[in-house]
Structures are given as structure tokens and as C-alpha cells.
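Participant: what's the 3D shape of this:
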Amino acid sequence: MDLQGILYPALILGGLGLVFGLLLAYASKRFHVETDPRVEQVRERLPGANCGGCGFPGCDAYAEAVVLEGAKPNLCAAGGAELAEALAKIMGVSVEASARRVAFVKCKGTPDVARWRCLYEGAADCREAVVLPGGGHKACSFGCLGLGTCVAVCPFDAIHIENSVARVDEAKCVGCGACVTLCPKGLIELVPVDQRVRVACHSTHRGVDVKKVCQVGCIGCGLCVKACPNDAVHVENNLARIDPDKCTQCCLCVDKCPTKAILFLEHRVDR
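Facilitator: Numbering: from 1, shown residues only. The predicted model follows:
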């Protein structure tokens, strides 16, 4: 074996490695960008759920946005008011108190009150089932399919399927909005936790068409509108909607609703 044939290439490769190493070391110092230490301070306090509820891709991105871009310190739903105050203290700014919001599923279509068109035996994913003709296996094209896409995406174990309909555990929900984004029916929304009067229906069909597929759907009759003394309830596109800023939760609309599509949730759970 020719020793020189092995030694020379090895020396050349070693020399090139040394040169490139020195160049990289120089470049790392020459183009080094100082990182604001507050980014790490903010990041250490964030819960690390990476739920995206703040509007940024994850906790790292939110920490940088707070320090470098002036993002508000109260955008982390998972951390709540205590975290917002801690981040505001790091940044030397004041923070506005924000009302806690939770996810709410606008559907009561359990099998005993809502009609099914067929039995579904496909993938347990609402996003796949919704492409079926009619929008899924339930007769109401607006109703919860109950296959658990929202359950799988929730990082806080705050939503579960009960009797074929998704239900939110408000004690665990932080209002990150992950389930809202993933629901292919668009029937999950974030609502103020203090707003206990809610419309549990998402259908915009006319009354007679609603009754054909669900006994507890909103039929847009307008009795709730007439009953409300505060102009807080309106029927828009055949569906009752409540303005939380005007609603005093007198429950007159709840009493008048003939299908009980409007609920008063008595048991409020605080975190």
C-alpha cells in the first residue's frame, strides 16, 4: 500500500477542516446577534403548551414577540392573569385585565333528540366524515359529528365526547382556541365564561327544516327576541344570537324558547 497515497489526502482533508473551522468560528463572532435576555425570562414563565392560542406558532415565538415586537403580555390563555402580570413586570409595562373565555359547543344533538341519516364506520375524524354527502352521518348538516377531532387537538384534556356530542370541561379549558380552529363544522366558539346564557345550536335552516332533523334546534321563531327587555337577543339568518355586552342573564329568553335551544348554564367553574 502506498503510504503517501493515504497520508497526503488525509493531510489535505485535515487542513481543509481546520480552515473551515476557523472560518466558522470567525463568522460566529463576527455576525453574532445579541439576544435580549428578557426573551429567555419570558419563555421560562410560559407554560410550554404551544397551543397557539396567543396567535403565535408557539411559546418561543410568543416570547420573542413580547420582547422584540411589543406583543401584549396577556395573550397567553393558558397562563391566565397571573402570568400576564409576571410578563408585564418583566417588560416594565402595565397590563389590562382580560375576561376569561372558554370553548362552547353550539349543539345539543344527541341521538335521542337528533336524527341520524346512517351509521358511520369510517375514520374517527370529523374532518374526514364531513366530506360525506350532506356533511356527515347526522341528518342536521350543522350538528356535531362527535368523532373527537376536537378531543385529539386539545392540549389540556378539556373536551370530551359525551353521548355523541362534544362537551367542554370549563374547569380545564383555557380558551386557547385549538378546537375552534379544527372543528370542520365551525360550531365551537370562544365565549366569556361569565356569559351563562348561550344558544346551543348552529343551524341556519328554517324552523320546519330544523324540526325534521332535531328536536332541540333553534327554529328562529323570534320569541326570545320579544321576551328580552335589553335588546340582547336577535335572530340572524334563522338563528338566535345573544349579545354578551347587553345580556343581563335574566333568562326570560331561556324560558320562552320552545325547543330549549337557549341554555342557562347554572354551574360556573372557576380555575
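Participant: tabulate the CA atom coordinates of stretch 226-243 in CSV.
Facilitator: The C-alpha coordinates for stretch 226-243 follow below in CSV (Å, rounded to 0.1, in the frame of the first residue of the first chain):
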residue,chain,number,x,y,z
LYS,A,226,-89.7,39.6,22.1
ALA,A,227,-89.0,38.4,25.6
CYS,A,228,-85.7,40.2,26.0
PRO,A,229,-86.0,43.5,27.8
ASN,A,230,-82.5,44.6,27.0
ASP,A,231,-82.4,44.2,23.2
ALA,A,232,-79.7,41.5,23.7
VAL,A,233,-81.2,38.8,21.5
HIS,A,234,-81.6,38.9,17.8
VAL,A,235,-82.4,36.3,15.1
GLU,A,236,-79.9,36.5,12.3
ASN,A,237,-80.1,34.1,9.3
ASN,A,238,-82.8,32.0,11.2
LEU,A,239,-80.6,31.6,14.3
ALA,A,240,-80.9,33.4,17.6
ARG,A,241,-77.8,35.2,18.7
ILE,A,242,-77.0,36.8,22.1
ASP,A,243,-75.0,40.0,22.6
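Participant: now it: buried residues?
Facilitator: Within stretch 226-243, the residues that count as buried by 16 or more other CB atoms under 10 Å are A227, C228, A232, V233, V235, N238, L239, A240, I242. For every residue, glycine as well, the C-beta is placed using N, CA and C.
Participant: for the first one, what are its contacts?
Facilitator: Going by CB atoms under 8 Å, 6 or more residues apart in numbering, A227 touches V233, L252, C253, D255, K256.
Participant: try the last one
Facilitator: Neighbouring residues of I242 by CB under 8 Å, 6+ apart: Q195, V197, R198, V199, A232, V233, C253, I262.
Participant: then the third one?
Facilitator: Each residue near A232 by CB under 8 Å, 6+ apart is listed here: I242, D243, K246, C247, T248.
Participant: looks like A200 contacts K108 (just checking).
Facilitator: Yes. With contacts counted by CB atoms under 8 Å, A200 reaches K108, the gap being 4.7 Å.
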